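J.: Predicted structure and sequence below. I'll ask about it afterward.
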Amino acid sequence: MSRRVRRKVARRGKEKVVLPSYPEVEDEVIGSEKNEVVDWTSLPDDTVIQLMSCLNYRDRASLSSTCRTWRALGASPCLWSSLDLRAHKCDIAMAASLASRCMNLQKLRFRGAESADSIIHLQARNLRELSGDYCRKITDATLSVIVARHEALESLQLGPDFCERITSDAVKAIALCCPKLKKLRLSGIRDICGDAINALAKLCPNLTDIGFLDCLNVDEVALGNVLSVRFLSVAGTSNMKWGVVSQVWHKLPKLVGLDVSRTDVGPITISRLLTSSKSLKVLCALNCPVLEEENNISAVKSKGKLLLALFTDIFKALASLFAETTKNEKNVFLDWRNSKNKDKNLNEIMTWLEWILSHILLRTAESNPQGLDDFWLKQGAGLLLSLMQSTQEDVQERAATGLATFVVINDENASIDCGRAEAVMKDGGIRLLLDLAKSWREGLQSEAAKAIANLSVNAKVAKAVAEEGGINILAVLARSMNRLVAEEAAGGLWNLSVGEEHKGAIADAGGVKALVDLIFKWSSGGDGVLERAAGALANLAADDKCSMEVALAGGVHALVMLARSCKFEGVQEQAARALANLAAHGDSNSNNSAVGQEAGALEALVQLTRSPHEGVRQEAAGALWNLSFDDRNREAIAAAGGVEALVVLAQSCSNASPGLQERAAGALWGLSVSEANCIAIGREGGVAPLIALARSEAEDVHETAAGALWNLAFNPGNALRIVEEGGVPALVHLCSSSGSKMARFMAALALAYMFDGRMDEFALIGTSTESTSKCVSLDGARRMALKHIEAFVLTFSDPQAFATAAASSAPAALTQVTERARIQEAGHLRCSGAEIGRFITMLRNPSSVLKSCAAFALLQFTIPGGRHAMHHASLMQGAGAARVLRAAAAAAAAPIEAKIFARIVLRNLEHHHHVELSI
């Protein structure tokens, strides 16, 4: 896999201040004198405090550690009115160390049960707002202690993930301990009983905003008793008794905004609420299937009140709230934020709507229901982009996460909806996301980077991201000390690095070094950041220049470390793929040998071929295949148990994916170049699985299996094994029927090796002692093989062209035959001196078919322009091939194919000789 997208919600960050915390670094010094010395300690205190207020906590702590003065300023109460602990591991010890600075703490955000347990140790008695996510393990006891220690709480929000272990008892404790509570939003509580809600109604007179989201049961009657409530949301809550709701909730005297989205509410209830409630202004009912199935929607319309549903124009409805109609209805949120004369009530409605809409859109994107394409394209994408510009940071984060999520069709195979992605791009979403990514708030950075990563799966969006400077921004974020930010930035670079045009830009931006450093920095920090970093490096390593950058940055050591020690299959797969790509440039750089020489690399890859996960096995086998092109690596792989491991892999992958089959056979092909490995593969039982793979329906598998069998057939013992295991029919089928010319070519060469006489000599001595002898008819197999070898060679011959070439010595005639006979990929094959010598000997074979086949093979290996043509020509000249070729070309009894091909090979040798002399 070359890219990855993410759907799951992961919210982190703080208030929105869109300030570029990572501006482009410039060489020039700002100031009148370039060499002027600046005494930073002479800055006014208020300037330093203002500077510190624009830093995240980690950078603020670093700045405070520079001197006593700044340490004192760093502890200023105004810097500690708000605290976001989501990106940090906050245990009791850490909380106690922060306690002295939290006396005036007003707002706190946290993540997870461990942080929740430590909150009381902050001793923030004046805490007003508390917000937590990843709250599944938080218990009634923990929540009860928290609210008991923070009686001044005015806002408590837990979600959006489900609070599975919190019950109505904790809700009662909230009511008893927090009389000043104004806002309560809880997600995923199983049951909220009437007693708990009545306690809120009685003990929290200022409670104006209630959200019981995604709950199983909520007492509808009791909610009708909370007379102070102005904004109420039961979005996603099941088992609602809508008849009771329509009879009770319309009596709530102050109810202004109601959200029943993602429920089974019907048009009757909606109509009664809109017509009966005197105070209700906005009713949000998005993604309500029962309501949307109603054909006659006139029943749910009410003058002067807004209904927001999938079938309504949401922007137009929101614009109608304002006396002055906005020029562009899609700018309604922006115009409201920029308005100088804000109505207090309208301001509260719009603030609530921002929060509600961001939550609904994110939840809808996560569930990805069918039939919403039109909504997303016409309204949903625009709403998310508008909400990304909110002054509420949690709204911004959810909107960015919503953009990251709604484009994803399938996160397993990294597929996104191109129409949705391009809609975001066309509406200016890329620039907005990049601005958020430059925020100093890490929560916004991570969510924006995640959205950029997912959208960049689309090539057009990726191009726009690059053109807008996104690669530089992501490369900087990848250096973040916040693991979550670095992880999402690495994911963005992973997806962008799929495009060949972006690889160089990523390297130029320092992305390669940043990704390698990530592996060392977070080597034990979880699989997410490591998988993304390794995946991006794997894509970059496919480029020759970038592969050298990866090696220079220490990438070989980092990736081998992951392959050796990481236990997460996703990381193992990408690390092995990266090593495979690094080793694929054997002709142009030294990375192949560098990987092989890295301590433990080959042993780790051999071990990964035994992984229970197919993707890991596939990439490990691919890496061993590429590494086997190096002579030293080839023998070292065998010494590390690679022959045995790869034979077992080939035996087990008959029903696996074509990719795994291709690489398993390919690795055995690479190892079998060595005579010792060739014999070992035969002894370990590698012949039978390769024959089975030769019967695959995939052409790529045909090539690697045929290549491996060709190498194995060079050894007479293996050749006999191939016959005994039923390999002749399989090779004959490849030779005659495969759609790959290379597979047909190598199958023909394997058959030629098997029946050029050497196997017969071996068979006379006796069959292999390592395998059970089988009764086979070598004569019948030989006839079958020669028949199909001949047919194969004839497919590359044109009688008219051959007749012309035979009658003329003109170069053009031979060139015409060469071009028709040429198999382009065969130019990449490299033969040893023994193999070339065998084909030369085959030219003297009594069989006219084998003569033609040998001449045809030598033609392929010596055609000018082939990667190893000069090498093959040198071997042939050293073996005295010219004399044999001239004899073959002049033999009266030889077939015309053998004669013409021999003449062409002679001409090729002359060409290479002249080239060699001219060098």
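T.: Great, that's in hand. Residues are numbered from 1 along each chain as shown.
J.: who's in contact with Ile681?
T.: Under the criterion of C-beta atoms under 8 Å, 6 or more residues apart in numbering, the contact list for Ile681 reads Val643, Val647, Leu668, Leu671, Ser672, Val687, Ala708, Leu712, Asn718. All C-beta spots, glycine's among them, are computed from the backbone N, C-alpha and C.
J.: do you know how far it is from Asn592?
T.: The gap separating Ile681 from Asn592 is 21 Å, by C-beta to C-beta, to the nearest Å.
J.: Just the buried residues of stretch 557-573, please?
T.: Buried positions in stretch 557-573, judged by neighbour count with 16 or more other C-beta atoms under 10 Å: 557-564, 566, 568-573.
J.: Sorry, wrong one. I was asking about stretch 137-150.
T.: Ile138, Thr139, Asp140, Thr142, Leu143, Ser144, Val145, Ile146, Val147, Arg149, His150.
J.: Verify the contact between the third one and Cys163 for me.
T.: Read it as Asp140. No. Counting by C-beta atoms under 8 Å, Cys163 is not a contact partner of Asp140; they are 9.9 Å apart.
J.: Wasn't Gly132 part of a strand?
T.: Yes. Under DSSP: H, G, I helix; E, B strand; the rest coil, Gly132 falls within a strand.
J.: Bridged to it, which residues?
T.: Taking DSSP bridges as the rule, Gly132 bridges to Phe110, Leu158.
J.: Tell me how many other residues surround it.
T.: Around Gly132 sit 25 other residues, with neighbours defined as other C-beta atoms under 10 Å.
J.: What of His585?
T.: When counting by other C-beta under 10 Å, one arrives at 20 neighbours for His585.
J.: what pLDDT does it get?
T.: As predicted, His585 sits at a pLDDT of 85.
J.: unless I'm mixing things up, it is touching Ala542, no?
T.: No. Taking contacts as C-beta under 8 Å, His585 lies outside contact range of Ala542: 9.0 Å.
J.: Tyr890 - nearest residue in space that isn't next to it in sequence?
T.: Rather than Tyr, residue 890 is Ala. Spatially, and ignoring its direct neighbours in sequence, Ala890 is nearest to Lys899 (7.7 Å; C-beta to C-beta, 6 or more residues apart in numbering).
J.: Could you single out the nearest of the contacts of Ile681 to Leu63?
T.: Distance to Leu63, by C-beta to C-beta, is smallest for Leu671 among the contacts of Ile681, at 56.9 Å.
J.: any idea what the nearest residue to the closest one once chain neighbours are set aside is structurally, helix, strand or coil?
T.: Ranked by C-beta to C-beta, 6+ apart and with sequence neighbours excluded, the top spatial neighbour of Leu671 is Asn677, at 4.4 Å. Using three-state DSSP, the structure places Asn677 in helix.
J.: What are the buried residues along stretch 380-398?
T.: Quick answer for stretch 380-398 (16+ other C-beta under 10 Å): 380-390, 392-398.
J.: related to what we said a few turns ago, who touches both of Asp140 and Cys163?
T.: Applying C-beta under 8 Å, 6+ apart, one finds that no residue jointly contacts Asp140 and Cys163.
J.: from what I can see His814 touches Arg903, true?
T.: No, residue 814 isn't His; it's Leu. Yes. Assessed by C-beta under 8 Å, Leu814 is found in contact with Arg903 at 6.4 Å.
J.: overlap in contacts of these two?
T.: Common neighbours of Leu814 and Arg903 (C-beta under 8 Å, 6+ apart) are Ala805.
J.: now stretch 785-799: how far from the chain's centre is it?
T.: Stretch 785-799 sits 47 Å away from the centroid of its parent chain (C-alpha atoms, centre = their mean, to the nearest Å).
J.: Please list the outside residues in contact with it.
T.: With contacts defined as C-beta under 8 Å, 6+ apart, stretch 785-799 is touched by 728, 731-732, 735-736, 744-745, 748, 751-752, 754-755, 816-817, 820-821, 847, 849-850, 852-853, 856, 897.
J.: go again using 7 Å as the cut-off
T.: 728, 732, 735-736, 744, 748, 751-752, 754-755, 820-821, 847, 849, 852-853, 856, 897 (C-beta atoms under 7 Å, 6 or more residues apart in numbering).
J.: Quick check: what element follows the helix or strand of the chain with the lowest mean pLDDT along the chain?
T.: Of all helical and strand segments in the chain, the minimum by mean pLDDT, DSSP states H and E falls on helix 758-765, at a mean of 71. Under the assignment DSSP states H and E, the closest C-terminal helix or strand after helix 758-765 is helix 778-794.
J.: Show me which parts of that following helix are buried, residue by residue.
T.: Leu778, Ala781, Arg782, Met784, Ala785, Leu786, His788, Ile789, Glu790, Phe792, Val793.
J.: which residues touch the third one?
T.: By that I understand Arg782. Listed by C-beta under 7 Å, 6+ apart, the contact set of Arg782 reads Phe755.
J.: Use 30 as the first number for this chain going forward.
T.: Will do, 30 is the new start, and the previous item becomes Arg811.
J.: That one and Met788: what is the separation?
T.: Applying C-beta to C-beta, the value for Arg811 to Met788 is 9 Å.
J.: Then the last one?
T.: Per C-beta to C-beta, Val822 is found 21 Å from Met788.
J.: Let me see the ranges of the helices in the stretch 780-929 of the chain.
T.: Secondary structure of the stretch 780-929 of the chain (DSSP state H, counting those that start in this stretch): helices at 787-794, 807-823, 828-836, 840-850, 862-871, 877-891, 898-907, 910-919, 925-947.
J.: Out of those helices, indicate the one that is most buried.
T.: Sort the helices of the stretch 780-929 of the chain by mean neighbour count, taking mean count of other C-beta atoms under 10 Å, and helix 877-891 sits at the top with a mean of 26.
J.: For that helix, which helices and strands make contact with it?
T.: helix 770-783, helix 807-823, helix 862-871, helix 898-907, helix 925-947 (3 or more C-beta pairs under 7 Å, 6 or more residues apart in numbering; DSSP states H and E).
J.: Just give me how far it sits from the chain centre.
T.: Going by C-alpha atoms, centre = their mean, where helix 877-891 is centred and where its chain is centred differ by 46 Å.
J.: Residues contacting it, please?
T.: Counting by C-beta under 7 Å, 6+ apart, 777-778, 781, 785, 815, 818-819, 822, 850, 852, 855, 858, 860, 868, 871-872, 874, 898, 901-902, 917, 923-924, 926-927, 930-931, 933-934, 937-938, 941 sit against helix 877-891.
J.: repeat that for 6 Å
T.: Outside helix 877-891, the residues that touch it by C-beta atoms under 6 Å, 6 or more residues apart in numbering are 778, 781, 785, 815, 818-819, 822, 852, 855, 868, 871-872, 874, 898, 901-902, 923-924, 926-927, 930-931, 933-934, 937.
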